[in-house]
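Colleague: What would the 3D arrangement of this be:
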Amino acid sequence: MAFNTNYIVGISTAAADTASPANHLAGAYTSNFKTQAIVPAPPAVVTLAATSITNNTVTLSGNLTSLGTTTPVNVSFEYGYTTAYGKTTAAQQV
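Modeller: The predicted model follows:
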C-alpha cells in the first residue's frame with residue numbers, strides 16, 4: 001500500500017470444504033460491506049551525531065523533518081549496547 005493513497009476495502013469469504021455435509025456454507029459469498037481507508041504518511045526524522053560523550057552520559061539529538069500526515073507525533077530515542085537497543089528515552093509529543 002502507498003502512503004496518502006485512498007483505498008476501498010471489501011470483504012469476501014469462501015467455504016473451506018464444500019464437499020463436507022457438515023459444511024452449511026457452500027460456494028463463495030461477497031458482502032456489501034465496504035470501507036474507505038487512507039494510509040497515513042509516517043513522520044520523517046534525522047538523527048544527529050552524539051555529543052558530550054562521557055563515561056556516564058551522552059547528549060542525543062535529532063530533527064523531526066516532517067510530521068507526515070499524523071499529528072501529534074511522539075518522539076523518543078532507542079539506545080543500547082547492540083542494534084537490539086533495549087532502552088528508550090521518555091517520549092515527547094510534538
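Colleague: Tell me which residues touch T47, please.
Modeller: L60, S61, G62, F77 (Cβ atoms under 8 Å, 6 or more residues apart in numbering). Just so you know, the C-beta spots here come from the backbone N, C-alpha and C atoms, and that holds for glycine as well.
Colleague: how about the last one, what does it touch?
Modeller: Taking Cβ under 8 Å, 6+ apart, we find F77 in contact with T47, L60, G62, T88, T89.
Colleague: just the residues you listed now: which is nearest G68?
Modeller: Of all these, G68 sits closest to G62, with 15.4 Å by Cβ to Cβ.
Colleague: Pull up the gap between that closest one and I53, please.
Modeller: Look at G62 and I53: by Cβ to Cβ, to the nearest Å, they are 16 Å apart.
Colleague: Pick out whichever of the contacts of T47 sits closest to T70.
Modeller: Closest approach to T70 among the contacts of T47 (Cβ to Cβ): G62, at 17.3 Å.
Colleague: That closest one and N55, how far apart?
Modeller: Counting by Cβ to Cβ - G62 and N55 are separated by 23 Å.
Colleague: Perfect, that will be all.
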